[in-house]
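J.: Quick one, fold the following:
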Amino acid sequence: MTEARKYTAPALEKGLDILELLASRDAGLSQAEIARELGRSVSEIFRMLVVLQDRGYLAQDPDSDRYVLTALLFELAHRTPMLRRLTTLAGPVMQRLARSVNQSVHLAVISDAAVLVVGQVDSPGNNVMSVRLGARIDLWRASSGRVILAHLPPEDLDKMVARVPLPADMDETRVRAELTHIARTGHEVMDSFVMRGVVNISAPIIDHTGHAIAALTIPHVERYHDTIGFNECRDGVIGAANALSKSLGGGAAARVQTGVMTAPDRHGETITPTR
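T.: Numbering: from 1, shown residues only. Next up is the predicted model:
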């Protein structure tokens, strides 16, 4: 039997339930829809919605009456010392990287069992492949999440596997082997899990404890007549991640090295980027 919680705060829990629900609904929900999905009466959540709206956490569309999250929670997260320092340091580095390789780049952390994009810079070219700032991505279907997990202490990785079960189509033994490979090489080159033709290049950012706290990733797209090779992009990501790690008191997870590298794709085959 699960041990009863020592303290409860029903009103607070209702408010948190509303925030967590709306975080998963891009189009927002009406008051009646929120009540139905949470299994509560409209009157139960009415005052919660009013307070959350007054405090700036929610906004209501005047046309549809749907409630949506504002950016306040995201802003609050960025006020934490670690994340604020990380994004402040990463901004100029990401700008230089995007300009030098003509690719988009994003910074991500693990937050509440998902990958959260906390920094994003578009490529300076006309054709852009990017991930939305603030996007939450399945932990096991993101190279950012995989390189962070690969550089965690074994006991922390075990806890994460227990907390966030793998998707049904993934084998734990194989995923752990892939994470071991990432830890050995210090970065990952992998076919995107969600976009055909995109190859993720991801490297961890290591802090003073020697563990990954974030990941820098380029969702690489190949363009006709592109003068910047794939290997330059890979080395650029690794170099930028290493520079950020050094700024945070950590060490390099991987060395920049010239030459073609190969890595397993998500189908178990081998991709050999030669662009």
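J.: Only C-alpha atoms from now on, for both contacts and neighbour counts.
T.: Noted.
J.: Quick check: residue 217 is in a strand.
T.: Yes - the assignment for residue 217 is a strand, going by DSSP: H, G, I helix; E, B strand; the rest coil.
J.: residues near it, how many?
T.: Residues near residue 217, counting by other C-alpha atoms under 10 Å, number 29.
J.: start the count at 15, not 1, going forward
T.: Let's use 15 as the start, then, which means that last one is residue 231.
J.: tell me the contacts of it?
T.: Contacts for residue 231 (C-alpha atoms under 8 Å, 6 or more residues apart in numbering) come out as 119-121, 157-158, 214-217, 251.
J.: If we ignore the residues flanking it in sequence, what's nearest it?
T.: residue 216 (4.2 Å; C-alpha to C-alpha, 6 or more residues apart in numbering).
J.: What separation do you get for that neighbour and residue 88?
T.: Distance of residue 216 to residue 88, given as C-alpha to C-alpha, to the nearest Å: 23 Å.
J.: Residue 266 now?
T.: Separation of residue 266 from residue 88 (C-alpha to C-alpha): 29 Å.
J.: What values do phi and psi take at residue 121?
T.: phi -110, psi 130 (degrees, to the nearest 10).
J.: Kindly report the same for residue 212.
T.: When read as degrees, to the nearest 10, the backbone of residue 212 gives phi -100, psi 130.
J.: All the helices of the chain, residue numbers only.
T.: Listed in chain order, the helices of the chain (DSSP state H) span 24-36, 45-52, 56-68, 86-92, 95-115, 157-164, 168-177, 186-199, 244-261.
J.: still on that earlier bit, between residue 216 and residue 88, which is the more surrounded one?
T.: Neighbours were tallied for residue 216 and for residue 88 using other C-alpha under 10 Å; the higher tally belongs to residue 216 (31 against 14).
J.: The more buried one: what's it in contact with?
T.: Residues near residue 216 by C-alpha under 8 Å, 6+ apart: 157-158, 161, 201-203, 229-232, 251-252.
J.: Any idea what it is bridged to?
T.: residue 202, residue 231 (DSSP bridges).
J.: distance of it from residue 156?
T.: As defined by C-alpha to C-alpha, residue 216 lies at a distance of 9 Å from residue 156.
J.: With residue 84 instead?
T.: Distance, residue 84 to residue 156, by C-alpha to C-alpha: 25 Å.
J.: do the same with residue 166
T.: Separation of residue 166 from residue 156 (C-alpha to C-alpha) stands at 16 Å.
J.: Residue 180 too?
T.: Taking C-alpha to C-alpha, one finds residue 180 at 12 Å from residue 156.
J.: Between the two, which is the more surrounded one?
T.: For the pair residue 180 and residue 156, the greater number of neighbours falls to residue 156 (20 against 17), based on other C-alpha under 10 Å.
J.: Touching, that one and residue 129? I think so.
T.: Yes - the criterion here is C-alpha atoms under 8 Å, and residue 156 meets it with residue 129 at 7.4 Å.
J.: Run a quick neighbour tally on residue 37.
T.: Residue 37 has 15 nearby residues by other C-alpha under 10 Å.
J.: which ones are touching it?
T.: Contacts of residue 37 by C-alpha under 8 Å, 6+ apart are residue 83.
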